[in-house]
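**Student:** model this:
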Amino acid sequence: MSSPSLTEAIIRQYASPESFQRGREYYQQGAVLSLVQRGMLLRAEVEGSTALSYVVSCLLQADGTITATCSCPYDWGGWCKHIVAACLAVIHQPEMIEERPMLKELLSGLDRKRLQALVLQLAEREPPLIDVIEELVGVPEPASPKMTAPRRVHVDAQAVRRQVRSILHSLDRMRSSEAYWHVGEVVSEVRQLLERTWTLLQADDGRNALSLLEAITEAYISDWTNLDDSDGSASGFFQDLGPIWTEALLSADLSSKERKAWANKLKTWQQEIDDYGVEEVFETAQQAARRGWDDPGLQRMLQGSENTSRVGEESEITVARLAILERRGRLQEYLYLARAQGQHEAYVTMLVRLGRTQEAAAYGRAYLQTAQEALTLAKALYERGERDQGLQMAEGGLQFQGPKAALSTWLREAAAVMGDRTRALRAAEVAFREELTFANYLRVAEIAGEHWPERREHLLEYARHTKSYVPQGQVDVFLHEGLIDDAIAAVEPNATHTLVERVADAAMPSHPQWVIKVSRQQAEPIMDEGKAQYYSAAAKWLAKARTAYRNLGREEEWRTYLSELLERHRRKYKLMPMLEALRR
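**Tutor:** The predicted structure is shown next:
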């Protein structure tokens, strides 16, 4: 990873404005303690706000996108300040980076005995790794048809039921007002149990997956109403159950009698939760149970002799069928079914995986209709090494239906990596129009180079004529360019208080009259309506008005206005000291 691959505009693309600002402060304060690079993987140690330091990992993908994680607890979307600080250090202090060999190179010269000893040492130092190793050892490698069947496990259904009930009743001793805040944690614990079902399905152990699912579902339906579902967390768990039941029922080799029994059980469960407004959770799974794999039309599709769907099943069932066919290595049947059922993304992605890239590209040009489908195929082609074809597919997808932010952003970065500035610039401008953000604006500027003055005017004109309830991007761009009039127009009449305040602060030197007007508009309703908890905000706005009056040389007019406020609100004892303080 080198600084040309990473710019401040790219960092802004991944981080919120607040995180970027805090990260820049961290970097400037020297909080980045170390930078270690192994191939395209960068690890950094960044000092935190306490005595702790955090570990940042950044992986630069082949298409120019960056995957970054941090060991800090930040969970509010986008990159945290520690990731931002580390990336800024990469750009501005590349001499800090310590180059080390990749793990693959480190292990390449070790024999079996040495590797085994190394794994044992790691497990001794980090005991949780033992469970990870055990799980990986037990998962069969996808490959040979002659592979022996995976080791079957025993599901203790009664123990699972007890565990679910114990989790659901773990809040019983709390006051309801306190328990409310922990419902999400409780549901997450049950979801962790549900993950074991997916593990069983990946091992193609459908019957044990059904046993585990039945135990979890029965116990949850029996006791979930004990939880406070005010925010929908408890009932939201049912949405996780539907897809996994569908795939489990299709994965197990069931007789028609067994399938009918499962369909009846699912129907009963659905009726129980219908009373609580949780509708249609198990509808698709019931269809899967009734149909199985026996439908003659389905069988013809799997043989490639049926080109259009006659099964009439929902797409969720087809998605489950495709997952099972892929898992079992029945890839030609996968292709037949995906094409017959119009699963375009699945079809072209599998073609690329099988090396049939030209066929995938031709199909994509003929049948893909949405930007998301084009992005899926473009990325698959690119990662397969067909980079130019991938870029062509992505560029064509910009004309398709649907949101294009993800597609244009991917094309912008992938084309930039390949040095195709013309294509990258076109995609960058589409990305800006799809998501009008300051980061996207700066990225166009970087890519445009000497063509920036011309492109700048086009983007500014677009920003002027784009109305948004929260014009964050417009304000960022206009203030960056010093276009105060445009920034004022962007926040009128209904922008958030925070955005209006930013514009007011920037407009103070050049537009004090507007600052007076907007400050009074913000402060007076708060005072008139007696919103005591917001009086300090009103006083803050009035302080801006005072500064603007003074900048205009209208001190006497300010004093008259303040006297009127003092008289009008004289009975509001919490407000009066704040207004009196504005006499100074």
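**Student:** residue nearest the middle of the chain, spatially speaking?
**Tutor:** Nearest to the geometric centre of the chain sits residue 77, at 7.4 Å (Cα atoms, centre = their mean).
**Student:** can you give me the distance of that one to residue 191?
**Tutor:** Distance, residue 77 to residue 191, by Cβ to Cβ, to the nearest Å: 21 Å. C-beta coordinates here come from the backbone N, C-alpha and C atoms, glycine included.
**Student:** and if you look at residue 199?
**Tutor:** For residue 199, the distance to residue 191 (Cβ to Cβ) stands at 13 Å.
**Student:** do the same with residue 235
**Tutor:** According to Cβ to Cβ, residue 235 and residue 191 sit 14 Å apart.
**Student:** and the average pLDDT for the helix or strand that contains residue 520 is what?
**Tutor:** Here residue 520 sits within helix 512-528, counting by DSSP states H and E. Averaging pLDDT along helix 512-528 yields 95.
**Student:** beyond it, next helix or strand please.
**Tutor:** helix 535-551.
**Student:** how is this protein partitioned into domains?
**Tutor:** Residue ranges for each domain of the chain read 3-103, 168-291, 359-435, 436-493, 508-581, as given by automatic domain parsing.
**Student:** between the two ends of the fourth one, what distance do you get?
**Tutor:** The reference is to domain 436-493. Taking Cα to Cα, to the nearest Å, domain 436-493 runs 19 Å from one end to the other.
**Student:** how distant is that domain from the center of its chain?
**Tutor:** Here domain 436-493 is found 25 Å from its chain centre; the criterion is Cα atoms, centre = their mean, to the nearest Å.
**Student:** please apply the same query to the first one.
**Tutor:** Computed by Cα atoms, centre = their mean, the separation of domain 3-103 from the middle of its chain amounts to 18 Å.
**Student:** and if you look at the third one?
**Tutor:** Going by Cα atoms, centre = their mean, the spacing between the C-alpha centre of domain 359-435 and its chain's C-alpha centre is 20 Å.
**Student:** for the closest residue in space to the residue nearest to the centre of the chain that isn't next to it in sequence, phi and psi?
**Tutor:** Nearest non-adjacent residue to residue 77, counting by Cβ to Cβ, 6 or more residues apart in numbering: residue 16, 6.8 Å away. Phi and psi for residue 16, reported as degrees, to the nearest 10, are phi -70, psi 160.
**Student:** so what's residue 16 up against?
**Tutor:** 76, 77, 78 (Cβ atoms under 8 Å, 6 or more residues apart in numbering).
**Student:** so for it, what's the pLDDT?
**Tutor:** We have a pLDDT of 84 for residue 16.
**Student:** next one: the one 3 residues further on
**Tutor:** Residue 19 carries a pLDDT value of 88.
**Student:** apart from its chain neighbours, what residue comes closest to it?
**Tutor:** Leaving aside its sequence neighbours, residue 19 sits nearest to residue 81 (Cβ to Cβ, 6+ apart; 5.2 Å).
**Student:** quick check: that neighbour vs residue 303, distance?
**Tutor:** 57 Å.
**Student:** ok, now residue 227?
**Tutor:** Separation of residue 227 from residue 303 (Cβ to Cβ): 48 Å.
**Student:** which residues touch residue 222?
**Tutor:** Counted by Cβ under 8 Å, 6+ apart, residue 222 has contacts residue 165.
**Student:** kindly report the same for residue 284.
**Tutor:** Residue 284 is in contact with 242, 243, 246, 314, 316, 317, counting by Cβ under 8 Å, 6+ apart.
**Student:** out of those residues, give me the one that has the most neighbours.
**Tutor:** When neighbours are taken as other Cβ atoms under 10 Å, the top entry among the contacts of residue 284 is residue 246 (26 neighbours).
**Student:** may I have the helix or strand where residue 441 lies exported as CSV, CA atoms only?
**Tutor:** Assigned by DSSP H and E, residue 441 falls within helix 438-448. Taking Å, rounded to 0.1, in the frame of the first residue of the first chain, the C-alpha atoms of helix 438-448 are listed here in CSV:
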residue,chain,number,x,y,z
PHE,A,438,-18.0,16.5,-0.2
ALA,A,439,-15.9,13.3,-0.5
ASN,A,440,-17.3,12.6,-3.9
TYR,A,441,-16.7,16.2,-5.0
LEU,A,442,-13.1,16.0,-4.0
ARG,A,443,-12.7,12.7,-5.7
VAL,A,444,-13.8,14.2,-9.0
ALA,A,445,-11.3,17.0,-8.5
GLU,A,446,-8.5,14.5,-8.0
ILE,A,447,-9.3,12.5,-11.0
ALA,A,448,-10.1,15.5,-13.3
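**Student:** what's the next secondary structure element after it?
**Tutor:** Moving toward the C-terminus from helix 438-448, the next helix or strand (DSSP H and E) is helix 452-464.
**Student:** which elements pack onto that next one?
**Tutor:** Other helices and strands packing on helix 452-464, by 3 or more Cβ pairs under 8 Å, 6 or more residues apart in numbering; DSSP states H and E, are helix 421-434, helix 438-448, helix 472-480, helix 484-491.
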